[in-house]
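# Model the structure of this input:
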Amino acid sequence: RFDEGEVLAREQAEKIRIEREKKFERELEKMNREQQKVAKRQKRTDAKIVRRILKASKADKHYDVLGLRNINITLGKIKLLRISSKEVKRAYRKLARTIHPDKNKDGRAAEAFDALERSASFLSDDNLRTEYDSMISAEKISKRQERLQNLLDLTDFVYRRTRFIVQIVYRVIKPFSTPLLVLGILLI
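From the prediction side, this is the model:
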């Protein structure tokens, strides 16, 4: 359930989106056909970026919001391939130029820009980022253990079923084992 503040924020964001869409349509009317094609193509590209950012933000995937790959490898106390604050700022600046509501024609650009700012500020704080990285690592380990347990359960199931089938076949063939043995020896 949403609290009243979230509902008001969503309504406000929707009003802004509708207003921006109307403004874009008015701008399109002033353009010739070729300019309209270019503007619509740019809007589709902008919309794709905005959707990616909002989807990642909704899932609380801060690295994905900034388009960064978090490959965090630790060897004892040494951390390899850890993303620095400098890289976070660089990614933020690069995306901010394309997502800023003044540059981006998508209706939800302001919402995406806010999500981008939240993720960048979250990852810029070293303490929060370290905590977030450890949470991600724990989730990965948990998922890996769950998959391993599922594989072990499947293997156990297949083993029990195979054993059951072999026992049934053995019970059926047992009375005929001597004649089959003799027949097998004669054929060889």
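# any idea how far the residue nearest the centre of the chain lies from residue 18?
Centroid-nearest residue in the chain, with C-alpha atoms, centre = their mean: residue 56, separated by 6.7 Å. For residue 56, the distance to residue 18 equals 24 Å [C-beta to C-beta, to the nearest Å]. The way it works is simple: take the backbone N, C-alpha and C, and place the C-beta from them, glycine included.
# helices or strands up against the helix or strand harbouring residue 54?
Residue 54 is located in helix 33-58, with elements delineated by DSSP states H and E. Helices and strands touching helix 33-58, as assessed by 3 or more C-beta pairs under 8 Å, 6 or more residues apart in numbering; DSSP states H and E, comprise helix 4-29, helix 62-65, helix 85-99, helix 109-124.
# So for the last one, what gets flagged as buried?
I take that to be helix 109-124. 109-116, 119-120, 122-123 (16 or more other C-beta atoms under 10 Å).
# contacts for it?
13, 16-17, 20, 46, 49-50, 53-54, 56-57, 62-63, 65-66, 83, 85, 88-89, 91-92, 95-96, 99-101, 103-104, 106, 128-129, 132 (C-beta atoms under 8 Å, 6 or more residues apart in numbering).
# out of these, which are buried?
For the contacts of helix 109-124, buried by 16+ other C-beta under 10 Å: 16-17, 20, 46, 49-50, 53-54, 56-57, 62-63, 65-66, 83, 88, 91-92, 95, 99, 101, 104, 106, 129, 132.
# which regions of this protein sit below the pLDDT cut-off?
Applying pLDDT under 70 to the chain picks out residues 1-2, 74, 79-81.
# remind me, longest helix of it?
helix 126-173 (DSSP state H).
# Tell me what angle the helix or strand just after that helix forms with helix 126-173.
Next along the chain after helix 126-173, taking DSSP H and E as the criterion, comes helix 177-187. With axes from the mean of the first three to the mean of the last three C-alpha atoms, to 10 degrees as the basis, helix 177-187 and helix 126-173 are set at 90 degrees to each other.
# And helix 177-187, how far out from the chain middle?
Put simply, helix 177-187 sits 61 Å off its chain's centre (C-alpha atoms, centre = their mean, to the nearest Å).
# and if you look at stretch 155-164?
35 Å.
# Stretch 51-58 now?
The answer for stretch 51-58 is 9 Å, by C-alpha atoms, centre = their mean.
# Residue 97: what's it in contact with?
residue 103.
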